[in-house]
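Student: Predicted structure and sequence below. I'll ask about it afterward.
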Amino acid sequence: MQVQTEKNPLIFGYPHIKVKWQSGGEQIHIGRNTKENRETIRILTLGLQGSGKSSLLECWGVRFPKIIDLFGSSDGESLCWCKKEFFDFYKQKYNREPNILLVYGDNKKLACAFDTVHIDSLTLKDIANHDVTTTTQLFHTDLKEYYTTLGKVIEILEKRLFWDDPWALTIREAGDWGRARTKVVKDDEGAKRDLIRFYRQNRHHGLAVLMDSLRWTNLDKELRDLSNYICVKKIGIQLLPKDLRFLYRYWKPRSLMKLPANLFGLITDNRSIGVGKFDYPTWHKATKENILKSANIEIEDTETGERTDERRYGVGDLDHSEIIEKYIQLQSVRKVANELSRSTATIHNHIKDHNLMIQRKGECQKCKHSKSQFSKDTIIKQQEPAPRLP
């Protein structure tokens, strides 16, 4: 049991979720080592943008042994698992660091401390060997390629036919499912039917589906009927759908319009009704946060040479590995400096740092993060002739 209710204590260590029942009441079984049949639950969350939907899904999802985080916003919120705060939580809870896998598309190169894989090379075994598997629009050239990647990940998960532990599949915006799956089923109606089919058969693949949406009208009623838990966040001026308006007996419409981000209404498939309160996960991406900086991830478009790490000064991991690779190729500090528009002192210092890290740790960490083949190669500088005086 990992959710505190009036009947059950909380297992500490996870972000707290507390439910006060107003009608009925039940135990909520989710997550690790759960013997109940609710281990492959379906959670549907409604709320406006900024109402705390994603942070609530993260509180549910972290209770499962593995997380596959898809369909995130364009600002990279699905990279929250790469932040130091999540690593601190995970080490405290499980006495080890989490294994993170980042999936990227064509013409992209990532420099980071996490495992990376191109979508065409991704396998079910890769997902099984990592605690968190995620991707983001930032790792793709455009939306079309991003949605194609999401569709391929879903197809891989559907191949999971035998399982012991449930995995959490986080779909941060249900509306994006249709745009991704039209690559497979070709039309909007087919995409909706595909989502309903997948939602219904989630237990066959050992997946707990945690999904949110901005508007009820974006979702088919059958999705609500199939959900084990429906969480209602701040909904603004939109009303609940007709089949859920009986909840106004328990929740005031004005309260739902202004609901604080750490509160939610909860209805279960057993018709238990309550009000929930949860702790904001420390690793959740803030609205204006530069997630690439927080997660120490650099991205290079190998086709254009553009980088989206937003660095203004200094040299990043990609730049460092490029310096080393260029020097091995040109064997001249001055030539490397001229080609990369850097000072000769910068080139000297990075060769020195590269060799020093290999001497101390056996491998240059900057080159390792950039997936450079020279991460373990000590650089021997060539003696260059002194420049001629005019």
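Tutor: Okay, I see it. Numbers count the residues shown, from 1 in each chain.

Student: can I assume I230 sits in a strand?
Tutor: Yes: counting by DSSP: H, G, I helix; E, B strand; the rest coil, one finds I230 located in a strand.

Student: is it in a bridge, and if so with what?
Tutor: I230 forms beta bridges with L44, I267, as assigned by DSSP bridges.

Student: So it is in contact with L266, correct?
Tutor: Yes: using Cβ atoms under 8 Å, I230 is in contact with L266, at 7.3 Å. (Each C-beta comes from the backbone N, C-alpha and C, glycine too.)

Student: Let me see the mean pLDDT of the helix or strand where S255 lies.
Tutor: For S255, the host element (DSSP states H and E) is helix 253-257. Average pLDDT, helix 253-257: 87.

Student: elements contacting it?
Tutor: In terms of contacts (3 or more Cβ pairs under 8 Å, 6 or more residues apart in numbering; DSSP states H and E), helix 253-257 is not packed against any helix or strand.

Student: May I see the buried residues of that helix?
Tutor: L256 (16 or more other Cβ atoms under 10 Å).

Student: Same question for stretch 80-96.
Tutor: By neighbour count on 16+ other Cβ under 10 Å, the buried set for stretch 80-96 is 80-83, 86-87, 89-90.

Student: Stretch 283-295 too?
Tutor: 283-285, 289, 291-292, 294-295.

Student: which one of these sits closest to V275?
Tutor: H284 (21.2 Å; Cβ to Cβ).

Student: where does the closest residue to the closest one other than its chain neighbours land on pLDDT?
Tutor: Nearest non-adjacent residue to H284, counting by Cβ to Cβ, 6 or more residues apart in numbering: S55, 4.6 Å away. The model reports S55 with a pLDDT of 92.

Student: contacting residues for the residue positioned nearest the centre of the chain?
Tutor: For the chain, the residue nearest the mean C-alpha position is S78 (2.8 Å; Cα atoms, centre = their mean). Contact analysis of S78 by Cβ atoms under 8 Å, 6 or more residues apart in numbering lists 69-70, 72, 134-136, 170, 172.

Student: one more time with 6 Å
Tutor: Applying Cβ atoms under 6 Å, 6 or more residues apart in numbering, we find S78 in contact with 69, 72, 134, 136.

Student: Over to V333?
Tutor: Contacts for V333 were tallied using Cβ under 6 Å, 6+ apart; they are 344, 347.

Student: For G316, the count of nearby residues, please.
Tutor: Summarising burial for G316: neighbours were counted as other Cβ atoms under 10 Å, giving 18.

Student: Chain neighbours aside, what residue packs nearest to it?
Tutor: Excluding the flanking residues, the one nearest G316 by Cβ to Cβ, 6+ apart is E298, at 5.0 Å.

Student: Sketch out the low-pLDDT regions of the chain for me.
Tutor: 1-13, 31-38, 178-191, 215-219, 307-314, 382-390 (pLDDT under 70).

Student: isn't Q22 right next to G276, touching?
Tutor: No: with contact defined as Cβ atoms under 6 Å, Q22 does not reach G276; the gap is 11.0 Å.

Student: okay, these two: which has more neighbours?
Tutor: Using other Cβ under 10 Å, the more surrounded residue of Q22 and G276 is G276, with 23 against 16.

Student: Does E298 touch V315 like I think?
Tutor: No: assessed by Cβ under 6 Å, E298 is found out of contact with V315, at 10.7 Å.

Student: So which of the two has more stuff around it?
Tutor: Per other Cβ under 10 Å, whichever of E298 and V315 has more neighbours is E298, with 21 against 17.

Student: For the more buried one, what are phi and psi?
Tutor: When read as degrees, to the nearest 10, the backbone of E298 gives phi -110, psi 140.

Student: distance of it from S321?
Tutor: For E298, the distance to S321 equals 10 Å [Cβ to Cβ, to the nearest Å].

Student: I am finished for the moment; much appreciated.
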